[in-house]
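J.: next come a sequence and a model predicted from it.
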Amino acid sequence: MSRFEQPKKTREIHNHHFDSTIWNNFEFRDDDIIIATYAKSGTTWVQQIVSQLIFNGAEDIDVAEMSPWLDLRVPPKEIKLPEVAAQTHRRFLKTHLPVDALVFSQKARYIYIARDGRDVVWSFHNHHANANDAWYDVLNETPGRVGPPIERPTPDIVQYFRDWLENDGYPMWPFWENIRTWWEIRHLPNVNLIHFEALKRDMPGEIRRIADFLDIEIDEGRWEAILKHCSFDYMKANASKSVPMGGVFWDGGAQTFIHQGVNGRWRDILPDDDKARYEARALAELGTECSSWLASGG
């Protein structure tokens, strides 16, 4: 793809989570905001930030209700699309698809947040291991699932990591293509790549950068409220407003979904040879510049 070539949808993706065909029927508005990630990379945090910018630091916003995961196959698109079409506020939707499985709008704004894959796996294992029977029933028993069901994970997080690395995202979905396709379009004027680690280092600065990208003028009188409502402590305490269905699919509820919000938990657990295998794979899949950015957000 050339530097400013517009992406084209070339395929559909279906599995226990995805139904990418919903984008074929989605009617864009010019001011739509699409928040994209591989998953477990800061998606909910960015949704909270965007909601705070749109609604000027308002308290008690039901972000999960306002900002659905569009390509999640439940509820089906026949239910989800009319609900999204009825929204009157500036819409901010999320996707976990690679670029080539999306219908891409030249007018919408796309924010992609990334995170080191090892941190992603540690977060995903918590997410997966604490999912309850209702989560498995919805994903596996709802008609329309393509491919094998999702099963309960091994409690051994190192083995979980190895399975994920050796089978490119198993038991979820491919990792490297997701990062690569968004990195390839980073120069487009309506695409903004950010990194979980950069948000950790300088959340106020990153929020201002996001606001500028979205053409939202910050009300300085509400700035402290915006920062408070985007903090980890606030989001943890008010997790039911940020997590799908208020957290009913996880043991421990919504606060299990918003877990620790930290990086590097793998450093003292993952053996050195596994760390090296990950780094070699990242370099081979992404190249020097992208793999370096993915590791640190620098």
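T.: Looks like it came in fine. A quick note: this is a predicted structure, and the numbers were derived from the prediction, not measured. Residues are numbered from 1 along each chain as shown.
J.: isn't residue 42 up against residue 198?
T.: No. No contact is recorded between residue 42 and residue 198 when judged using C-beta atoms under 8 Å, the distance being 9.8 Å. (C-beta placed from N, C-alpha, C; glycine too.)
J.: just want to know which of those two has more residues nearby.
T.: Set residue 42 next to residue 198 and count neighbours by other C-beta atoms under 10 Å: residue 42 wins out with 26 against 20.
J.: which residues of this structure fall in helices?
T.: If you assign secondary structure with DSSP state H, the helices in the chain sit at 43-54, 63-66, 77-85, 117-129, 133-141, 157-166, 176-184, 196-201, 203-213, 223-229, 232-237, 254-257, 272-296.
J.: make a markdown table out of those helices and add mean pLDDT and distance to residue 20.
T.: Below are the helices of the chain laid out as a markdown table (pLDDT from 0 to 100; distance: least, C-beta to C-beta, whole Å):
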| stretch | mean pLDDT | distance to residue 20 |
| --- | --- | --- |
| helix 43-54 | 96 | 17 |
| helix 63-66 | 90 | 21 |
| helix 77-85 | 96 | 10 |
| helix 117-129 | 93 | 20 |
| helix 133-141 | 92 | 16 |
| helix 157-166 | 97 | 21 |
| helix 176-184 | 98 | 13 |
| helix 196-201 | 94 | 24 |
| helix 203-213 | 98 | 25 |
| helix 223-229 | 97 | 32 |
| helix 232-237 | 86 | 29 |
| helix 254-257 | 51 | 24 |
| helix 272-296 | 97 | 22 |
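J.: residue 32 is nearest to which of these?
T.: Taking C-beta to C-beta, helix 77-85 is the member of those nearest to residue 32, at 9.7 Å.
J.: for residue 102, give me phi and psi.
T.: Backbone torsions of residue 102, given as degrees, to the nearest 10, read phi -100, psi 150.
J.: next, count neighbours for it.
T.: Neighbour count of residue 102, defined by other C-beta under 10 Å: 23.
J.: pull the contacting residues for the closest residue to it other than its chain neighbours.
T.: The shortest distance from residue 102 to any non-neighbouring residue, by C-beta to C-beta, 6 or more residues apart in numbering, is to residue 23 (5.5 Å). When the contact criterion is C-beta atoms under 8 Å, 6 or more residues apart in numbering, the partners of residue 23 are 9, 70, 71, 95, 97, 101, 102, 103.
J.: any idea how far residue 23 is from residue 17?
T.: 15 Å (C-beta to C-beta, to the nearest Å).
J.: and for residue 78?
T.: Counting by C-beta to C-beta, the gap from residue 78 to residue 17 is 18 Å.
J.: which one's more surrounded, those two?
T.: Set residue 78 next to residue 17 and count neighbours by other C-beta under 10 Å: residue 17 wins out with 18 against 9.
J.: so that one sits against residue 172, correct?
T.: Yes. Under the criterion of C-beta under 8 Å, residue 17 makes contact with residue 172 at 7.5 Å.
J.: on that earlier part again, give me the pLDDT for the residue nearest to residue 102.
T.: Model confidence at residue 23, given as pLDDT, is 98.
J.: quick revisit: same list, the helices of the chain, but as a markdown table with distance to residue 248 please.
T.: Rendered in a markdown table, the data for the helices of the chain read as follows (distance: least, C-beta to C-beta, whole Å):
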| stretch | distance to residue 248 |
| --- | --- |
| helix 43-54 | 16 |
| helix 63-66 | 11 |
| helix 77-85 | 18 |
| helix 117-129 | 14 |
| helix 133-141 | 6 |
| helix 157-166 | 24 |
| helix 176-184 | 27 |
| helix 196-201 | 26 |
| helix 203-213 | 29 |
| helix 223-229 | 23 |
| helix 232-237 | 17 |
| helix 254-257 | 9 |
| helix 272-296 | 33 |
